[in-house]
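Enquirer: Need coordinates for the below:
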Amino acid sequence: MARTDWTEEELRACVVAYLEMLSSEQGGEPYSKTTFRNRLLRGPLAQRSAASIEFRMRNISAVITDLGRAHIKGYLPAKHSGSSIEKRLATIIEEISGKQGVPTAEAPPPMVFFNIGWMKKYAGAAQDDPTRGRHGYLVGRTHGAESFNFAPKRGKVFGYRPGFGRKVNINELGAATKDDHISGVLVVWIAMEPTSKKAFIVGWYRNATVYRSAQPSTTLKGNIHPGMDISYTAETEALLATLLPEPNRDFWVQSNKTMDGGFGQSIVWYGRDDEYRSRVWKYISEVEKEKARLSTSSTKKTRPPRNLDPELRRKVEKAAIAHATKHFKSTVGGGYTVESVESLARGWDLEASRNDGSLFIEVKGLHGPKGVCELTPNEYGQFINEDVKRRYIVYIVNHALSANPIASVFRYDSNEHRWKTADGRVLHINVRPGAVLRFD
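Expert: Down below sits the predicted model:
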């Protein structure tokens, strides 16, 4: 039987998505209603139909109009939802309106940094994704409670920070002494990369609620390890949480050993000063805008558009090669010695070597956001070669000529027999037959 009652979590998820689209529309940024709707159907509104979500968005337009504000042009106001629903929607809109959407770099929100263990996905205590770091609670343990920091529950994410029992000084974020929490905070998660021993930004929560004291978790009730409590200090809507894939974690957060005012031994840090927090906010704003552009790109499986400008194509390829070379030479990428073999027609572009072995890296540069590229017959032959594929890497760079190129690193997973990134995205392979015709 179809569900008729809408929960608070479902209404809130709709409002968050609506306001994010509205923010993009008013800022002149392209977006796709279908992308947002599918995201809701895969997450907090999995029990709803596409038609019911579309109608609820029109209900929100009606409430937005009654509040004296402009609505999304593509969602004409439609009431007939009952005064109770409209009141609940109005309450939610008033609560989070103006705090949601793609950020701008001009006015940084209250900001706090939490230092956690390093993981790939933070989507659970998976065997292939241990929590790594120098925190005392990780001694003798494979996972910490931050394992769940980016695992959505009922449309939200709940963030654990080490130091259960210690309080966060939310007065630094603008809270009054008597307050037990504060909303509208940017929570920046940082972790020490295991190879370089440097701390990088791994992700963030926008418009988060931060609690003075850790809250016992009800969504993650139970222990990962005996004696370890699962609690959370921050929460936000899942749509407002961003986890950076490992190759894109490039913002180094310096400690007080390398920067005056840098973070020290404490798990909680409030940023060095206004100038530093503004720099972090600018970085996050640029990543978020790029993320919004990618989310609106077409997901239609098709052949990649042909770049008919040979000079532009060469520039894109050169930029992608430079990006891949820099990554694999870096400590985050493994500290390899990298050599270009593009001219040798081996079926890959770069060879990365170090004492424990070598990698064969095929690099693909894309000028825009589409996730479609091609392998030549020679490249595809190596791609499926059983003697090669476990060392073969497909390194794809979107927006290769932009200030913020985005890399996707695909490796062969011998357990699942498919090509995946560290954050779980999968290569879909469409083999096309063809022929080479020669004539004199």
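
Enquirer: Strands of the stretch 301-440 of the chain, residue ranges please.
Expert: Listed in chain order, the strands found in the stretch 301-440 of the chain under DSSP state E, counting those that start in this stretch are 337-340, 350-354, 357-365, 392-398, 406-413, 418-420.

Enquirer: winner for burial among those strands?
Expert: strand 392-398 (a mean of 23; mean count of other CB atoms under 10 Å). Placement of C-beta: from N, CA and C, glycine included.

Enquirer: The longest strand along the chain - contacts with which helices or strands?
Expert: With residue count as the measure and DSSP state E as the assignment, the chain has strand 199-216 as its longest strand. With contacts defined as 3 or more CB pairs under 8 Å, 6 or more residues apart in numbering; DSSP states H and E, the secondary structure elements packing on strand 199-216 are strand 111-116, strand 156-159, strand 181-192, strand 231-237, strand 241-243, helix 274-295.

Enquirer: which other helices and strands contact the third one?
Expert: Counting contacts by 3+ CB pairs under 8 Å, 6+ apart, strand 181-192 packs against strand 111-116, strand 199-216, strand 231-237, helix 274-295.

Enquirer: ok now it, how far from the chain's centre?
Expert: Centroid separation between strand 181-192 and its chain, computed with CA atoms, centre = their mean, to the nearest Å, is 15 Å.

Enquirer: Show me where the stretch 51-200 of the chain dips below the pLDDT cut-off.
Expert: Across the stretch 51-200 of the chain, the stretches falling below the confidence threshold (pLDDT under 70) are 68, 79-83, 96-106, 164.

Enquirer: ok, residue 199 - how many residues close by?
Expert: Here the number of neighbours of residue 199 (other CB atoms under 10 Å) works out to 23.

Enquirer: Contact partners for it?
Expert: Going by CB atoms under 8 Å, 6 or more residues apart in numbering, residue 199 touches 115, 190-193, 252-255, 263.

Enquirer: Check the gap between it and residue 267 for me.
Expert: 12 Å (CB to CB, to the nearest Å).

Enquirer: Between these two, which contacts overlap?
Expert: residue 115.

Enquirer: What count of nearby residues applies to the residue nearest to residue 347 when sequence neighbours are not counted?
Expert: Once flanking residues are discounted, residue 347 sits nearest to residue 382: 3.3 Å by CB to CB, 6 or more residues apart in numbering. Counted by other CB under 10 Å, the residues lying close to residue 382 total 19.

Enquirer: circling back to that earlier point, nearest to residue 417, of the helices and strands packed on strand 181-192?
Expert: The closest approach between residue 417 and any of the helices and strands packed on strand 181-192, judged by CB to CB, belongs to helix 274-295 at 27.4 Å.

Enquirer: Give me the mean pLDDT for the closest one.
Expert: Per-residue pLDDT over helix 274-295 has a mean of 79.

Enquirer: Could you pull out the buried residues of the longest strand of the chain?
Expert: 199-212, 214-215 (16 or more other CB atoms under 10 Å).
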